[in-house]
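> Quick one: sequence plus predicted model below, questions after.
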Amino acid sequence: MTVRVERDKTTGVAVVTLDREHRHNAVDLATAAELSSTWREFRFDEDVRAVVLTGAGAAAFCTGVDRSVEVPQPASPYAMDDPLIAIGPKAADLWKPVVAAVNGMACGGAFYLLGESEFIVSSSTATYFDPHTSYGMVSAYEAVYMAQRMPFGEVARMSLMGTAERLSARRAYEIGLVSEVTAPEELLPAALRSAEILAGHPTEAVQGTVRALWSAKRAALHQALDQAPALITLGNLPPERQAALFTDRRSAPEPRVR
């Protein structure tokens, strides 16, 4: 199992932990399937009324898709299979609130998960960045999700600068990506406090409010996401050139944290 789930029937809160610390909690195909299954299961579990989502260890919340994953693609230029497209709670039609507790690095495909969480509690040591352009890849889904949560100029800068820059927790809070910053040891307790309050309210009202909030941006989000496959197909370098850029990453200067 690469996704650890702990339920507290007393509080109504489930903690979902990406449990691949040795890979910086990168998502492989098994993890993607487990996440999708977990969200669907929560839809029918009346003992779960709110969720905290986090990553194992202190180094990373999630670093996106595992580079070792090989996803066969259809020959059609009009279709693309994305292994992360269904890893978020909203993709599973789950409207129980999800609070993300971000520890360490959150980058690339992590934004599929952050983009479908209600709000983010961040460790003061966390950093946020999008490496796609540095490795010859289009940031499409990730940029679209973050454009729903950040000022345009900030998400444009993060998406375009690649590995050269990282957003600090402080800066992420200043621009509204993060709603609370805590000391590392206080991260999970802080997220749990919020989730327990949400779970203590009547779940019908909470879920209805979550659905109402998402309806405010859902049409624009879906329209933008529909463009992503074509943009990725057009703009991504061939896999071997991406791999060469990734291999050379150790020669790049240390990223600036702002």
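Now that the structure is in, tell me what you want to look at.
> For the rest of this, base every contact and every neighbour count on C-alpha atoms.
Noted.
> which secondary structure elements does the helix of greatest length in the chain contact?
When the chain is parsed with DSSP state H, its longest helix is helix 203-235. Applying 3 or more CA pairs under 8 Å, 6 or more residues apart in numbering; DSSP states H and E, one finds that helix 203-235 contacts helix 141-147.
> contact partners of the helix it packs on?
Applying CA atoms under 8 Å, 6 or more residues apart in numbering, the contact partners of helix 141-147 are 108-109, 111-112, 115-116, 130, 155-156, 159, 221, 224-225, 228.
> same thing but 10 Å
Helix 141-147 is contacted by residues 64, 82, 84-85, 107-116, 130, 132, 150, 152-156, 158-160, 177, 220-222, 224-229, 231-232 when judged by CA atoms under 10 Å, 6 or more residues apart in numbering.
> try stretch 181-194
Where contact means CA under 10 Å, 6+ apart, the residues beyond stretch 181-194 that reach it are 11, 13-15, 50-54, 58, 98-104, 119-126, 169-170, 172-173, 180, 195, 198-200.
> So which bits of the helix or strand of the chain with the lowest mean pLDDT are buried?
Least confident element among the helices and strands of the chain, by mean pLDDT, DSSP states H and E: helix 239-247 (a mean of 85). Of the residues in helix 239-247, those with enough neighbours to count as buried (16 or more other CA atoms under 10 Å) are residue 242.
> Packing partners of the next helix or strand after that helix?
Per DSSP states H and E, the first helix or strand lying C-terminal to helix 239-247 is strand 256-257. Packing partners of strand 256-257 (3 or more CA pairs under 10 Å, 6 or more residues apart in numbering; DSSP states H and E): strand 127-129, strand 165-168.
> Relative to residue 23, which of the ones you listed is closest?
Closest of these to residue 23 is strand 127-129, at 16.9 Å (criterion: CA to CA).
> Direction included, what does that closest one pair against?
Strand 127-129 has the following strand partners under DSSP bridges: strand 105-107 (parallel), strand 165-168 (antiparallel).
> what's downstream of the first one, the next helix or strand?
Going back to what we said before, that points to strand 105-107. Moving toward the C-terminus from strand 105-107, the first helix or strand encountered (DSSP H and E) is helix 110-115.
> pLDDT on the next helix or strand after that following helix, on average?
Counting by DSSP H and E, the element after helix 110-115 in chain order, helix or strand, is strand 119-123. Taken as a whole, strand 119-123 has a mean pLDDT of 98.
> Restricting to C-alpha, output strand 119-123 in PDB.
Written as PDB, here are the backbone C-alpha positions of strand 119-123 (Å, rounded to 0.1, in the frame of the first residue of the first chain):
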ATOM      1  CA  PHE A 119      -7.600  24.900   1.600                       C
ATOM      2  CA  ILE A 120      -4.000  24.400   2.500                       C
ATOM      3  CA  VAL A 121      -2.200  24.400   5.800                       C
ATOM      4  CA  SER A 122       1.600  24.700   5.300                       C
ATOM      5  CA  SER A 123       4.600  23.900   7.300                       C
END
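> shift numbering so it begins at 762
Shifting the count to begin at 762 puts that one at strand 880-884.
> distance between it and the chain's centre?
In terms of CA atoms, centre = their mean, to the nearest Å, the centre of strand 880-884 is set 12 Å apart from its chain centre.
> Pairing partners for it, with directions?
Assessed with DSSP bridges, strand 880-884 is paired to strand 859-863 (parallel), strand 941-943 (parallel).
> Outside of it itself, list whatever touches it.
With CA under 10 Å, 6+ apart as the test, strand 880-884 has contacts from 813-815, 819, 822, 858-865, 875, 910, 929-931, 933-934, 937-949, 951-953, 955.
> now the residues you listed: which count as buried?
The neighbour count (16+ other CA under 10 Å) marks 813-815, 819, 822, 858-865, 875, 910, 929-931, 933-934, 938-939, 941-943, 945, 948-949, 951-953, 955 as buried among the contacts of strand 880-884.
> that older thread, please spell out the PyMOL selection for the buried subset of the contacts of helix 902-908.
The PyMOL selection below is limited to those of those classed as buried (16+ other CA under 10 Å):
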select buried, resi 825+845+868+869+870+871+872+873+874+875+876+877+891+893+911+916+919+920+921+938+982+989+990+993
